[in-house]
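> no letters, just coordinates:
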């Protein structure tokens, strides 16, 4: 809850300061539900309408969710109508909680998964709502530079991942491919090719990186 509230708060402030209407961050928080993609989508909404780029970006950023879904296939069997909601709400934190935890004895496992999923989703949505409210309350405060929150978030994630890795091959590949794409294509066009290139290189070398 604390983590999602803090990140959601930052997202609400960030999206509002970009100039989006108060309802736009709330709708994306409720419906997109992919934290990293939402930060990127917020800036994309202010540019030219490029739906293909938006779809590709969401797929590449959320590609790890494919593996979450495969891991949860057995857990979701027999869930009935709840399965669709649990699939939608399968974020990083929800996966960590529902995959690693076991429901108490006598508790329906699907009910346990559903309640945990809804709770985590509600933390993100309420955090974003608080961020929007705070940004509007402090609308006269100069918040130039708030957009750096996205770079800071990804930098913190990268640093933590680097600290926990035994080998840094995957991280170095990500940095290397991104740098090559940046130099070749420029800052406006490098992101999608870089992310696609990282996925391809990691897929080709996955046996050697294990």
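Received it, and whenever you're ready, just let me know what you need. Note that the coordinates shown come from a computational prediction; the quantities given were computed from them, not determined experimentally.
> ok, and the closest non-adjacent residue to residue 143?
Closest residue in space to residue 143, ignoring its immediate chain neighbours: residue 17 at 5.2 Å, by C-beta to C-beta, 6 or more residues apart in numbering. (Each C-beta comes from the backbone N, C-alpha and C, glycine too.)
> settle this for me: the one you found is touching residue 135, isn't it.
Yes: applying C-beta atoms under 8 Å as the test, residue 17 and residue 135 come out as touching, 6.0 Å apart.
> okay, the two: which has more neighbours?
For residue 17 versus residue 135, neighbours defined as other C-beta atoms under 10 Å are more numerous around residue 135 (22 against 19).
> tell me which element the closest residue in space to that one that isn't next to it in sequence is part of?
If you skip the residues right next to it in sequence, residue 135 has residue 16 as its closest partner in space, 3.6 Å away by C-beta to C-beta, 6+ apart. When secondary structure is defined by DSSP states H and E, residue 16 falls within helix 2-17.
> same check on residue 155?
Element membership for residue 155 (DSSP H and E) is helix 148-164.
> ok so, going back, got the angle for the helix holding residue 16 vs helix 148-164?
Using axes from the mean of the first three to the mean of the last three C-alpha atoms, to 10 degrees, the direction of helix 2-17 lies 150 degrees away from that of helix 148-164.
> just checking, next helix/strand downstream of helix 2-17?
Under the assignment DSSP H and E, the closest C-terminal helix or strand after helix 2-17 is helix 23-31.
> list of residues touching that following helix?
8, 11-12, 15-16, 38, 41-42, 45, 124-125, 128-129, 131-132 (C-beta atoms under 8 Å, 6 or more residues apart in numbering).
> one more time with 6 Å, if that's ok
Residues external to helix 23-31 that are found in contact with it (C-beta atoms under 6 Å, 6 or more residues apart in numbering): 12, 15, 38, 125, 128, 132.
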